[in-house]
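S.K.: below are the sequence and a predicted model; questions follow.
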Amino acid sequence: MATPPANGSQTTSVRHEPLEPSGAGAAIERWTLRAGPYEASVLTLGATLHTLTAPDRTGRPGQVLLSSDRLAHILGPARHHGTVVGRYANRIDGSKVTIDGEEHPLAPTGGGVTLHGGPDGFAHRMWEAGPLPDGVRLHLHSPDGDQGFPGALDVTVDYTLSAAGELTIVYRAVTTKPTVLNLTNHAYFNLAGEGSGDVLGHLLTLDADAYTPADDRQIPYGRQEPVAGTPFDFTAARPIGKSVHDEHPQLAGPGGYDHNWVLRPRPADGTPARAALLEDPVSGRTLEVLTTEPGLQVYTANKFQGAVTGASGVPYGPFAGVALETQHFPDSPHHPDFPGTVLRPGEEFRSVTVLRLGVA
């Protein structure tokens with residue numbers, strides 16, 4: 001069904017329908033936002049950014065996210081593609097947190113860590129959805145003790161799309177008890193179009209002069225190291241594939257990039273500032289990522305083995321896309337020198353990320 005904008009503007013159209021006409025997929029809503037030549041779709045399962053379509057330099061539209069319409073893939077190997085992950089995105093060492101002197105065991109996901117909020121994290125939940133004038137708002141209630149995290153949490157995520165090619169994601173949350181919170185979107189981008197091959201030729205620029213080296217479980221050691229003179233130096237545009245296979249101890253374990261970059265200081269007034277610029281020289285498509293978050297996890301899909309097939313019919317292999325996850329640092333609750341992630345009653349968590357599409 002179509003939902004006209006509340007302010008009467010026809011700049012952005014918003015409609016929704018079941019993901020599938022019958023069966024299990026009928027319970028999942030797909031919300032489609034369209035503004036000018038840009039289109040985004042969002043699923044209520046996992047508050048997922050499912051597709052994102054933008055024109056290339058010739059005006060030809062292309063879908064630039066790795067995604068699948070197959071329910072078996074969405075529930076299985078693609079279960080984190082484009083989802084909102086939480087309560088705590090990324091990893092927490094030892095599957096426990098201590099807040100105000102009280103230790104809280106968390107649901108483990110294996111390897112001695114809790115990843116993306118636990119085995120039943122926010123990515124696997126059905127969110128409630130309703131229209132905004134230029135997008136959709138999703139809401140999730142997470143009860144006290146959910147996956148071991150203290151406090152009942154109410155979370156909203158707004159996706160809005162403009163005809164200028166800006167998809168804005170606004171996260172908000174409140175809690176009944178002190179808890180830790182770290183939310184992000186786990187979309188994988190391929191600006192040449194999903195299924196078009198790897199992204200090793202994409203140019204990446206990161207507004208970061210340091211990164212947090214990690215152990216073989218991708219848990220940070222707790223220190224920040226300068227990127228200058230290393231394969232992690234993207235302060236100027238360089239192909240993702242230029243150094244991804246270098247013999248560097250930080251690349252050997254993950255088989256590529258799966259690291260947190262320390263972004264340059266964000267504006268104190270909460271205005272999103274640039275974190276990254278991704279460019280595809282072939283199509284001309286560009287993606288600027290702006291955020292209020294202090295960190296950016298870059299994952300180059302190193303371990304993909306073709307388990308997911310998108311609308312193109314092409315299985316996604318290694319380096320088929322790149323995730324640019326705006327967030328706080330991994331394992332922050334165990335590193336007091338990292339930006340804090342504790343949310344207390346009476347406070348509102350607010351985080352903004354802007355995906356700005358364009359052409360070179």
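M.R.: Nice, thanks for sending it over.

S.K.: can I assume residue 14 sits in a strand?
M.R.: Yes: using DSSP: H, G, I helix; E, B strand; the rest coil, the secondary structure at residue 14 is a strand.

S.K.: tell me how far it lies from residue 259.
M.R.: Distance from residue 14 to residue 259, counting by Cβ to Cβ, to the nearest Å: 36 Å. Every C-beta, even on glycine, is put in place using the N, C-alpha and C of the backbone.

S.K.: swap in residue 338?
M.R.: 14 Å.

S.K.: how about residue 348?
M.R.: 30 Å.

S.K.: so what's the spatially most central residue of the chain scoring on pLDDT?
M.R.: The chain has residue 185 as the residue nearest its centroid, 2.2 Å off, counting by Cα atoms, centre = their mean. The model reports residue 185 with a pLDDT of 98.

S.K.: now it, which residues is it bridged with?
M.R.: Residue 185 has these beta-bridge partners by DSSP bridges: residue 84.

S.K.: wait, isn't it in contact with residue 49?
M.R.: Yes: Residue 185 lies in contact with residue 49 (Cβ atoms under 8 Å); the separation is 5.7 Å.

S.K.: list the residues that contact both of those two?
M.R.: Common neighbours of residue 185 and residue 49, counting by Cβ atoms under 8 Å, 6 or more residues apart in numbering, are 82, 169.

S.K.: what residues are up against the residue nearest to the centre of the chain?
M.R.: Contacts of residue 185 (Cβ under 8 Å, 6+ apart): 49, 82-85, 169, 325-326, 353.

S.K.: I'd like those residues written out as CSV, with neighbour count and pLDDT added.
M.R.: Shown next, in CSV, are the contacts of residue 185 (neighbours: other Cβ atoms under 10 Å; pLDDT from 0 to 100):
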residue, neighbour count, pLDDT
49, 24, 98
82, 25, 98
83, 26, 98
84, 29, 98
85, 24, 98
169, 24, 98
325, 21, 98
326, 28, 98
353, 24, 98
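
S.K.: packing partners for the helix or strand containing residue 260?
M.R.: Element membership for residue 260 (DSSP states H and E) is strand 258-263. Applying 3 or more Cβ pairs under 8 Å, 6 or more residues apart in numbering; DSSP states H and E, we find strand 258-263 packed against strand 208-212, strand 295-299.

S.K.: figure out which of the ones you listed is closest to residue 308.
M.R.: With respect to residue 308, and counting by Cβ to Cβ, the nearest of the helices and strands packed on strand 258-263 is strand 295-299 at 14.7 Å.

S.K.: which neighbours does that closest one have in its sheet, and in what orientation?
M.R.: Applying DSSP bridges, one finds strand 295-299 paired with strand 258-263 (antiparallel), strand 322-327 (antiparallel).

S.K.: how about residues contacting the last one?
M.R.: Read it as strand 322-327. 89-90, 182-190, 199, 202, 204, 240, 260, 275-276, 278, 287, 289, 291, 293, 295-301, 351, 353.

S.K.: ranges for the strands of the stretch 51-200 of the chain?
M.R.: Shown for the stretch 51-200 of the chain, the strands assigned by DSSP state E, counting those that start in this stretch span residues 61-63, 84-85, 91-93, 96-99, 102-105, 113-115, 128-132, 135-142, 153-161, 166-175, 179-180, 184-185, 188-189.

S.K.: for residue 344, which of those is the nearest?
M.R.: Within the strands of the stretch 51-200 of the chain, the stretch nearest residue 344 is strand 166-175; the backing value is 7.1 Å (Cβ to Cβ).

S.K.: pull the distance from the closest one to the chain's centre.
M.R.: The chain centroid and the centroid of strand 166-175 are separated by 12 Å under Cα atoms, centre = their mean, to the nearest Å.

S.K.: for it, name the packing helices and strands.
M.R.: Against strand 166-175 (3+ Cβ pairs under 8 Å, 6+ apart) you get strand 48-55, strand 153-161, strand 342-343, strand 349-359.
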